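Student: how would this look folded up:
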Amino acid sequence: MNKNKRLRQGQILKVVGEQAIESQDELRKELGRRGMRVNQATLSRDIHEIGLVKTAAGYRPLQSAAGVQEPAPPASLGRVLKEFLSDIRPAQNILVLKTPPGSAQTLAVALDSEKWKEVAGTVAGDDTVLIVTPSPKARLALQKRLEEMLK
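Tutor: As a prediction, this is how the structure comes out:
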């Protein structure tokens, strides 16, 4: 799969996960508002390949529409921070979070589940989570937010 297609399909999943989308045209327009131009034929193929189905609540991935059990929700961020966070290191628009070995993934999943606007993305290794923010100002706000959760 080429990277444009992968990105487009990722954005489609993001849109239908964030809001109820009733039609392909509505989805196409929302993607356009997000800067992603797509024609109806391509969108239709993407919907089929992703496995979206139309439900009373709008488009949903087939697994969740069919009632397949969803994975357990991640642990609360506050609890995970208190249990695993050992250090916070700021760097421009990046926060580097240190954890004991094997704990970074747990922390990254908890952070991602919050869907905070200050977090552009996370990358987790074994004992380190990198949080990329849109700006140094957003990084500072996020750092303060995390530090408050530790109190």
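Student: drop to CA atoms for contacts and neighbour counts, all remaining ones
Tutor: Will do.
Student: Let me see the residues that make contact with stretch 94-108.
Tutor: For stretch 94-108, the external contacting residues (C-alpha atoms under 8 Å, 6 or more residues apart in numbering) are 77, 80-81, 84-90, 122-133, 136, 139, 143.
Student: Endpoints of it, how far apart?
Tutor: End-to-end distance for stretch 94-108: 14 Å, by C-alpha to C-alpha, to the nearest Å.
Student: go on, stretch 115-128?
Tutor: This stretch, stretch 115-128, spans 19 Å end to end (C-alpha to C-alpha).
Student: same thing with stretch 61-79?
Tutor: Length of stretch 61-79, first residue to last, C-alpha to C-alpha: 30 Å.
Student: could you flag which of the contacts of stretch 94-108 are buried?
Tutor: Buried residues within these, defined by neighbour count using 16 or more other C-alpha atoms under 10 Å: 77, 80-81, 84-85, 88, 122, 124, 127-133, 136, 139, 143.
Student: remind me which residues of the chain are low pLDDT?
Tutor: Where the chain drops to pLDDT under 70, the residues are 1, 63-75.
Student: And the strands in the protein?
Tutor: Using DSSP state E, the strands of the chain run over 52-55, 58-61, 87-91, 94-98, 121-124, 128-132.
Student: tell me what the fifth one is packed against?
Tutor: Packed against strand 121-124 by the contact rule (3 or more C-alpha pairs under 8 Å, 6 or more residues apart in numbering; DSSP states H and E) you find helix 104-114, strand 128-132.
Student: Out of these, flag the one nearest Met149.
Tutor: The closest of the helices and strands packed on strand 121-124 to Met149 is helix 104-114. By C-alpha to C-alpha, the value is 12.2 Å.
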